[in-house]
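Student: Structure, please.
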Amino acid sequence: MSNDRNFMKVMVRNVGKESRLLLETALRSGATNVGKQLLDASIDVNQPSDILFDKVLTALKNGAHAAGQEVMLSGLNRIRAFNSAESAPDSEK
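Tutor: From the prediction side, this is the model:
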């Protein structure tokens with residue numbers, strides 16, 4: 001029973017660490033994407049405010065989308081790496 005509890009603690013701790021790294025990377029990517037699009041949106045200072053507002057909303061949606069894609073891709077890459085390490089012969093581990 002103690003081994004099961006220790007295993008669960010270690011597993012939860014490692015999942016938390018991996019999740020944090022994954023989310024930090026995704027948020028950084030999304031924020032960079034939003035920042036670039038906001039700069040592009042604000043170049044024309046004479047544009048009507050409704051067009052600027054629309055561009056800001058689009059930038060936020062695109063940034064959230066990019067962050068979500070980054071989370072999914074990073075997660076898939078980690079799973080693939082884990083699976084390939086698990087399926088490797090004992091001499092390669």
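
Student: residues contacting the residue positioned nearest the centre of the chain?
Tutor: Nearest to the mean C-alpha position of the chain, by C-alpha atoms, centre = their mean, lies Ala26 at 2.4 Å. Residues in contact with Ala26 (C-beta atoms under 8 Å, 6 or more residues apart in numbering) are Ala67, Gly68, Glu70, Val71, Ser74. For glycine as for every other residue, the C-beta is placed from the backbone atoms N, C-alpha and C.

Student: what about 7 Å?
Tutor: For Ala26, the contact set (C-beta atoms under 7 Å, 6 or more residues apart in numbering) comprises Ala67, Glu70, Val71, Ser74.

Student: Closest one of these to Lys61?
Tutor: Nearest to Lys61, judged by C-beta to C-beta, of those is Ala67 at 10.9 Å.

Student: element containing the closest one, please.
Tutor: Using DSSP states H and E, the element containing Ala67 is helix 49-87.

Student: For stretch 64-78, give the mean pLDDT please.
Tutor: For stretch 64-78, mean pLDDT is 83.

Student: re earlier: can you list the buried residues in the helix holding Ala67?
Tutor: Buried residues in helix 49-87, defined by neighbour count with 16 or more other C-beta atoms under 10 Å: Lys55, Ala59, Gly63, Ala66, Ala67, Glu70, Val71, Ser74.

Student: so which of those comes closest to Phe7?
Tutor: Taking C-beta to C-beta as the measure, Phe7 lies nearest Ser74 of the buried residues of helix 49-87, at 24.8 Å.

Student: and the angle from the lowest-mean-pLDDT helix or strand in the chain to helix 49-87?
Tutor: Here the helix or strand of the chain ranked lowest by mean pLDDT, DSSP states H and E is helix 2-41, holding a mean of 81. Helix 2-41 and helix 49-87 are oriented at 150 degrees to each other (axes from the mean of the first three to the mean of the last three C-alpha atoms, to 10 degrees).
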